[in-house]
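Novice: Provide a 3D model corresponding to the input given below.
(chains A, B and C)
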Amino acid sequence: MKVVLHIWRQSKKSTQQNFAQDGKMVRYELDHVSADMSFLEMLDVLNEQLTKKGEEPVAFDHDCREGICGSCGVMIDGQPHGPQRGTTTCQLHMRSFKDGAEIYIEPWRAAAFPVVRDLVVDRASFDRVVQSGAFISVNTGAAQDANAIPVPKPDADKAFDAATCIGCGACVAACKNASAMLFVGAKVSHFVHLPQGRVERELRAKNLVAAMDKEGFGNCTNQYECEAACPKEIPVRVIADMNREYLRSKIKEEPPSNKRVGGDG
Amino acid sequence: MKLDSNIPGGPIQEKWDTRKFELKLVNPANKRKYKVLVVGSGLAGASAAATLAELGYQVECFCFQDSPRRAHSIAAQGGINAAKNYRNDGDSIWRLFYDTVKGGDFRAREANVYRLAQCSVNIIDQAVASGVPFARDYGGMLDNRSFGGAQVSRTFYARGQTGQQLLLGAYAGLSRQIGLGTVKMFSRTEMLDVVLVDGHAKGIVVRDLVTGEVRSHAGDAVVLATGGYGNVFYLSTNAKGCNVTATWRAYKRGAGFANPCYTQIHPTCIPVSGDHQSKLTLMSESLRNDGRVWVPKAKGDKRKAHEIPDGERDYYLERKYPSFGNLAPRDIASRAAMQVCDDGRGIGDTGLGVYLDFRDSIARLGKDAIAARYGNLFHMYAKITAEDPYSQPMRIFPAVHYTMGGLWVDYNLQSSIPGLFVLGEANFSDHGANRLGASALMQGLADGYFVIPYTIGGYLAGQKAGAVKSDHPEFGKVAGEVAAMTKKLLSINGKRTVDDFHKTLGKIMWSKCGMARNEAGLQQALREIPALREEFWKDVKVLGSDATMNQSLEKAGRVADFLEFGELMCRDALERRESCGGHFREEWQDEGEAKRDDEKFCHAAVWEYKGQNQAPVRNTEPLDFENVHLAVRSYK
Amino acid sequence: MTWLFQFWRSSIGGKVIMAITGFLLFGFVIAHLLGNLQLLSGPDKINAYAKMLHDLGPLLWVARIGLLAIFVLHVATGIRLSRANKAARPVPYAREATLQATFASRSMVLTGLSLLAFIVYHLLHFTLGVTNPEHYARKAAGAGGHDVYAMVTTSFSNPAIVAAYVVFQVVLFFHLKHGIQSLAQTLGLSHRRFMAMIQKLSFLLAAVLAGGNAILALSVLFGIVKAAQ
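Specialist: Alright, predicted model coming up:
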């Protein structure tokens, strides 16, 4: 089959504030594409041809090519990871496209994800959010026996459903507000459904939301595009979990201790 | 090369305790004065970096991916072994130790394996405490399953994404330390050389993959946790970025490389579909718990699977290995698949494939039960092949998956360069000539969480903290060499792309040094690889500059190293004139079963670099089996 | 106060404020509809109701100021959030696609701003008597200065005014349809069964409310409610 590609080309890293002038869409024609190729293998073929012609290949992030590392991810015709639900770009196959299709390929667009080059974006903002609290503060060696605290199966399953997030950024890319709430909600939901994670739930919710806001992600307007775009099909229930946890933490928050509420008595 | 395995004395059960007591301690107040450089952020690297930072050391951690969470440990599917004996089915530390030594075809170091089995139980505790959502039963207790090569249920799992969940647990711990400022993380940063000062590893030279800047980092010790070299075959189940560069450059600085020929070919991967293919996808070994492997009895039988009656099917694993059946260890199952395909009974268009059939399990347990166990794997298979594994059997074929060889390390995980420690798949120590299923995650985490935090202290206690800074002239020299290589790659401007060379190398490796090897083939590969390497340095085409992100340049450097490494691998395979585990020499077999030569080869082969265009030297570390006695491995 | 301000400034805090103020405004709109439905029972009922409200005196002003504050907070927070959202995506996609978002959810800002314009008009029309002073004059003329019945029925005899009111009820429907179920999600209700129920309830409440308002205007236009002479 034959396809026509329109790909965002950008040679230098954008500043924190992305600009539309940083790059442009470029048209390529590609012949002899096999339906059994993955989308990234199709880009590999394009890159081989470009290199032979003396044009620099298209940069794109990818690694495991089996849908779990979360490296890959491009906007394909306005849909993160392309038209197939629950599928990362690397597991999308060309059989999902018609012969002669015109395909628009763009990087994730968000202020918090500056474009590094072509289709590669900088998702370090996700890591910084995680560093602010998406963990359980347990040092190596301090753990008790793994079966000491039973975890009800439905809770373990809910935690797992959230923990399955691969951190690809499709949720941010899909959201018209470039909100990261599905990603951050997944972290909150993962830990709050486990007894081990409940110990520091208030601090976690507060810190994660503060870090998320600081990175310049947008707000959730409950359109649920993220849920449809998520290659791991994480439900928007995790955002409700996060909202609840955040509210809970703010309500339980004590005023600074030097201000005594009750006065001397 | 002096190879002192440095194994503590005493009975095997007490060796690790003995060593922990023998090791000198670093005073808590002094720990923050020492800096440790951890290269790699997979299970071994992330757990090591986090744990060392918790202890109080300054840590710098490096990964080439855009985030430490993306290291290839993330892709492990099946599970992690631990001798918890929660199932009351006769498991114990001793049995896990025994199974691993036997599974490794008696080519692993006993003392290391015993320690691995001991640490396994702590790993599960640690993972659960850090929030890993392992599968549980309705009573809220951890669930287990049995896994290839074991007759007890000791494998803990999180659906088909155990590696992901364990890595995210380790990554969470690492992230916590980064947030606390005790670990400085350098992502999109590739290590390109190790720097030795007075014979000790005191730093590394890296390239920032975004800006192209070549930088020096000095430390008091260097930890390599950079994974395996399966991508020397081009097609493997490894991630595209997996490479041998870090360990290879360390080798060229004087670290011994042990048993490079030991590669594991995993029996259950999706067969290759065409020339465009960029990687192979693994289907978890756990599928063999409920799937039955077969091919038609008749050669060239092109009927559809369901048209072939039971009587005309050859369930060859069940036939040849009645006691283990479909759960035979990986090397055995892979070789058996190759034999039936060589016999002309392979299935699919290419004839390179066998069936993994769930028909009987679905009939016995129901479709829902099968979907609950393997739903995500079936889904993945359907996505890739556009075939429905519920209604027709999966097509599978062996593929390169894991490499047991790696940098030689002593009992303390220190390489032959003092101060250079090697963890996880990057070292050679625990799996011998074949790794059992669900043991890679165990080893990575044991090394990172529970071994290196002790042993590195023993080394650091004898070192003056911060003695070497990155302005030491040796750093400038090494950084100059690194930059020169980059410039060279960009200046050739030949005709063939990097991938083109990589694919050619992969074909040589797979046909001559793959599942079955022989003298003539290896000799031929040893002529072909240097010729290909020479062509590479004359005719490779790498565009762009070294001052920006340049993915072709990254690949070119890695392939350049594979072109050198592939030769060493073939050389090792040639010199090991026996068959053992994943290394199968056609000249040494008993009707298709690997035939060891314990007289001559009960040792680890450790290669020593002698300079460009010089033959490397093969040293040996003898292996003693005092607790598990040398025997012919039988799974019949 | 810093606690409250910080809460308002945070993304989720802002959303919660939107949800709570939205809920209160929704409550007001329901009460407003229930009160106005008395129009259907003839002039005496509705005029007495108007007088009763008016006689509340200072209390009425407290309610009005409170309502205004809630309203301003809802609008101001909405504007702050949507500005932040615009800033979060500085470069648009060359190709846009919608995966599963409803029309209602995608047009909250648009419907919200339209409603703001409509409410201003509505106040100018009935409360302040600026747009159609002749209608307002009818209120003052009869029933002790509280002839709301005359004012409303005269207005809704004009097809253009009715058309404007009905169109804005459609806008209100879409705003509420998304707003009500959004509220549950924002306040952290994540139970799958209840969420499905709330989505249906949201549609129903929005339809009843907007429909009820529209029926009032239409029933005057079509003579079901007799216009005052």
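
Novice: phi, psi of the residue nearest to the spatial centre of chain A?
Specialist: Centroid check for chain A by CA atoms, centre = their mean gives A:Gly169 as the closest residue, at 2.1 Å. A:Gly169 adopts backbone torsions of phi 100, psi 10, taken as degrees, to the nearest 10.

Novice: where does it land on pLDDT?
Specialist: The model reports A:Gly169 with a pLDDT of 98.

Novice: Assess the claim that it and A:Arg123 are in contact.
Specialist: Yes: assessed by CB atoms under 8 Å, A:Gly169 is found in contact with A:Arg123 at 5.3 Å. Placement of C-beta: from N, CA and C, glycine included.

Novice: Can you tell me the centre-most residue of chain C?
Specialist: C:Val29 (5.5 Å).

Novice: who's in contact with it?
Specialist: Residues counted as contacts of C:Val29 (CB atoms under 8 Å, 6 or more residues apart in numbering or on different chains) are C:172, C:209.

Novice: repeat that for 10 Å
Specialist: C:172, C:176, C:209-210, C:212-213 (CB atoms under 10 Å, 6 or more residues apart in numbering or on different chains).

Novice: before we move on, what about C:Ala19?
Specialist: C:Ala19 makes contact with A:222, A:243, C:74, C:77, C:179-180, C:182-188 under the criterion CB under 10 Å, 6+ apart.

Novice: Quickly note the distance from the residue of chain C positioned farthest from its centre to A:Trp8.
Specialist: Most distant from the centre of chain C: C:Ala94, at 35.9 Å, with distances by CA atoms, centre = their mean. To A:Trp8, C:Ala94 is 8 Å away according to CB to CB, to the nearest Å.

Novice: Quick check: residues of the stretch 51-200 of chain A near chain C?
Specialist: A:75-80, A:83, A:85, A:102-113, A:115, A:158, A:172-181, A:184-185, A:189 (CB under 10 Å from any CB of the partner chain).

Novice: so B:Phe584 makes contact with B:Ala594?
Specialist: Yes: if you go by CB atoms under 10 Å, B:Phe584 and B:Ala594 touch, sitting 5.7 Å apart.

Novice: quick one: B:Ser415 from B:Asp4, how far?
Specialist: 12 Å.

Novice: ok, those two, which is more surrounded?
Specialist: B:Ser415 (30 against 10; other CB atoms under 10 Å in any protein chain shown).

Novice: Grab the nearest non-local neighbour of the residue in chain C that chain B sits nearest to.
Specialist: Relative to chain B, the nearest point of chain C is C:Ser190 (17.6 Å; CB to the nearest CB). Of all residues not flanking C:Ser190 in the chain, A:Ala240 sits nearest, at 3.5 Å (CB to CB, 6 or more residues apart in numbering or on different chains).

Novice: What mean pLDDT does the helix or strand where that neighbour lies get?
Specialist: In the assignment (DSSP states H and E), A:Ala240 maps to helix A:237-252. Averaged over helix A:237-252, pLDDT sits at 96.

Novice: Convert the C-alpha atoms of it to CSV, please.
Specialist: Below are the C-alpha coordinates for helix A:237-252, written out as CSV (Å, rounded to 0.1, in the frame of the first residue of the first chain):
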residue,chain,number,x,y,z
ARG,A,237,-12.7,7.1,38.0
VAL,A,238,-9.1,7.7,39.0
ILE,A,239,-9.6,11.4,38.6
ALA,A,240,-12.6,11.3,40.9
ASP,A,241,-10.4,9.4,43.4
MET,A,242,-7.8,12.1,43.2
ASN,A,243,-10.4,14.9,43.6
ARG,A,244,-11.8,13.2,46.6
GLU,A,245,-8.3,12.6,48.1
TYR,A,246,-7.3,16.2,47.5
LEU,A,247,-10.5,17.6,49.1
ARG,A,248,-10.0,15.2,52.0
SER,A,249,-6.4,16.3,52.5
LYS,A,250,-7.4,20.0,52.4
ILE,A,251,-10.2,19.5,54.9
LYS,A,252,-8.0,17.5,57.2
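
Novice: what packs against it?
Specialist: Secondary-structure packing of helix A:237-252 (3 or more CB pairs under 10 Å, 6 or more residues apart in numbering or on different chains; DSSP states H and E): helix A:153-163, helix A:181-192, helix A:201-214, helix A:225-229, helix C:2-9, helix C:11-36, helix C:159-186, helix C:192-221.

Novice: Domains in the chain, by residue range?
Specialist: This is for chain A. Following automatic domain parsing, chain A resolves into domains at A:3-117, A:124-252.

Novice: my question was about chain B
Specialist: Taken from automatic domain parsing, chain B resolves into B:35-264+B:402-460, B:265-400, B:473-622.

Novice: Just name the most buried of the domains of chain A.
Specialist: domain A:124-252 (a mean of 22; mean count of other CB atoms under 10 Å in any protein chain shown).

Novice: For whatever residue of chain C ends up closest to chain A, give me phi and psi.
Specialist: Taking CB to the nearest CB, chain A has its nearest neighbour within chain C at C:Gly188, 2.5 Å off. Main-chain dihedrals, C:Gly188, degrees, to the nearest 10: phi 100, psi 20.

Novice: and it, what does it touch?
Specialist: Contact partners of C:Gly188, counting by CB under 10 Å, 6+ apart, are A:239-248, C:12, C:16, C:19.

Novice: of the residues you listed, closest to C:Arg138?
Specialist: Lowest distance from C:Arg138 to those (CB to CB) belongs to C:Ala19, with 39.6 Å.

Novice: Can you tell me the number of residues neighbouring residue 118?
Specialist: Since no chain was named, I'll use chain A. Other residues close to A:Asp118 by other CB under 10 Å number 25.

Novice: you looked at the wrong chain, it should be chain B
Specialist: By other CB under 10 Å, the residues close to B:Gln118 number 20.

Novice: Which strand or helix spans it?
Specialist: Per DSSP H and E, B:Gln118 falls inside helix B:110-129.

Novice: which secondary structure elements does that helix contact?
Specialist: Where contact means 3+ CB pairs under 10 Å, 6+ apart, helix B:110-129 is packed against helix B:15-22, helix B:43-55, strand B:80-81, helix B:93-103, strand B:155-156, helix B:162-180, helix B:440-445.

Novice: circling back to that earlier point, so between B:Phe584 and B:Ala594, which is more surrounded?
Specialist: Neighbour totals were compared for B:Phe584 and B:Ala594, and B:Phe584 leads with 26 against 23 (other CB under 10 Å).

Novice: is stretch B:14-25 anywhere near chain A?
Specialist: No: for stretch B:14-25, no contact with chain A is found by CB under 10 Å from any CB; the gap never falls below 12.1 Å.

Novice: Kindly format the C-alpha coordinates of that stretch as CSV.
Specialist: C-alpha atoms of stretch B:14-25 as CSV (Å, rounded to 0.1, in the frame of the first residue of the first chain):
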residue,chain,number,x,y,z
GLU,B,14,26.3,-19.1,56.1
LYS,B,15,28.4,-17.5,53.4
TRP,B,16,26.4,-14.4,52.9
ASP,B,17,26.0,-13.7,56.6
THR,B,18,29.7,-14.3,57.0
ARG,B,19,30.5,-11.8,54.2
LYS,B,20,28.1,-9.2,55.5
PHE,B,21,30.0,-9.3,58.8
GLU,B,22,33.4,-9.3,57.2
LEU,B,23,32.7,-6.2,55.1
LYS,B,24,33.9,-3.0,56.5
LEU,B,25,31.3,-0.4,57.2
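
Novice: B:Val36 pairs with what?
Specialist: Judged by DSSP bridges, the bridge partners of B:Val36 are B:Val59, B:Ala221.

Novice: Quick check, it in contact with B:Leu52.
Specialist: Yes: the pair B:Val36 and B:Leu52 qualifies as a contact (CB under 10 Å) at a distance of 5.4 Å.

Novice: For these two, list the residues in contact with both.
Specialist: B:58-59, B:61, B:183, B:221, B:223, B:452, B:456.

Novice: which among these gets closest to chain A?
Specialist: B:Val183 (9.7 Å).
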